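Chemist: coordinates for the following, if possible.
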Amino acid sequence: MTEKEFMNSIANGRVDILQQFLDLLNEIEIDYCVIGGLAVNAYVEPVVSLDLDIVIDLNSLNKLRQAAEQSFTIKEFPHRLNMESPKSDMRIQLQTDPRYQAFIGNATKKKVLGYKMKVAALEDVIQGKIWAYSDEQRRKSKRQKDLADIFRLVEAYPALMKLLPESIKCKIDFIFE
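Modeler: Predicted coordinates:
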């Protein structure tokens, strides 16, 4: 079983929604970068996630929405746009918070679970995880996953510890002593 087949089996995919979405971005020439759990997987041992967290140039949002509405159900939330398909459990979450826009220019192509995609730079991935963990509006379970992702990244790249705020550093300092 290939990595892509594995991902599609986990997502109950009757079609490869992730590849379909990446192809759509390339077809309509929208620059992007992957953030969140799949981006973490580009740098450390992968953990399965059914979320594709992604940032696009906000000036291209309407262009993407028009192109995607043929294949995806689109729901708008504060600071994100969710896209889903009845053909897969994969969730595409477009981050519309303007803080993430600078990540696009630093992104590089990487292979993640069999997919070639533009992934945010390591420092940007951890910054995004710091923002996500620090957002007290997020569900506690999601914040704990963000903290675990921060642990995974710092364990693999100890120099990242200097980027952490004290409120997070104190939670993981004891692990690295």
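
Chemist: shaky segments in the protein?
Modeler: Applying pLDDT under 70 to the chain picks out residues 173-177.

Chemist: go again using 80 as the cut-off
Modeler: 172-177 (pLDDT under 80).

Chemist: can you map out the helices along it?
Modeler: For the chain, the helices defined by DSSP state H cover 3-10, 17-27, 36-41, 61-68, 101-106, 122-134, 140-156, 166-172.

Chemist: with respect to burial, which of those helices scores highest?
Modeler: Compared across these, helix 36-41 shows the largest average neighbour count, a mean of 26 (mean count of other CB atoms under 10 Å). For every residue, glycine as well, the C-beta is placed using N, CA and C.

Chemist: tell me which strands and helices it is in contact with?
Modeler: For helix 36-41, the packing partners by 3 or more CB pairs under 8 Å, 6 or more residues apart in numbering; DSSP states H and E come out as strand 51-56, strand 108-112, strand 115-119, helix 122-134, helix 140-156.

Chemist: got JSON lines for these, with distance to residue 162 too?
Modeler: Listed next are those as JSON lines, based on distance: least, CB to CB, whole Å:
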{"stretch": "strand 51-56", "distance to residue 162": "24"}
{"stretch": "strand 108-112", "distance to residue 162": "22"}
{"stretch": "strand 115-119", "distance to residue 162": "22"}
{"stretch": "helix 122-134", "distance to residue 162": "10"}
{"stretch": "helix 140-156", "distance to residue 162": "10"}
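
Chemist: of the ones you listed, which approaches residue 166 most closely?
Modeler: Nearest to residue 166 among these is helix 122-134 (11.7 Å), distances taken as CB to CB.
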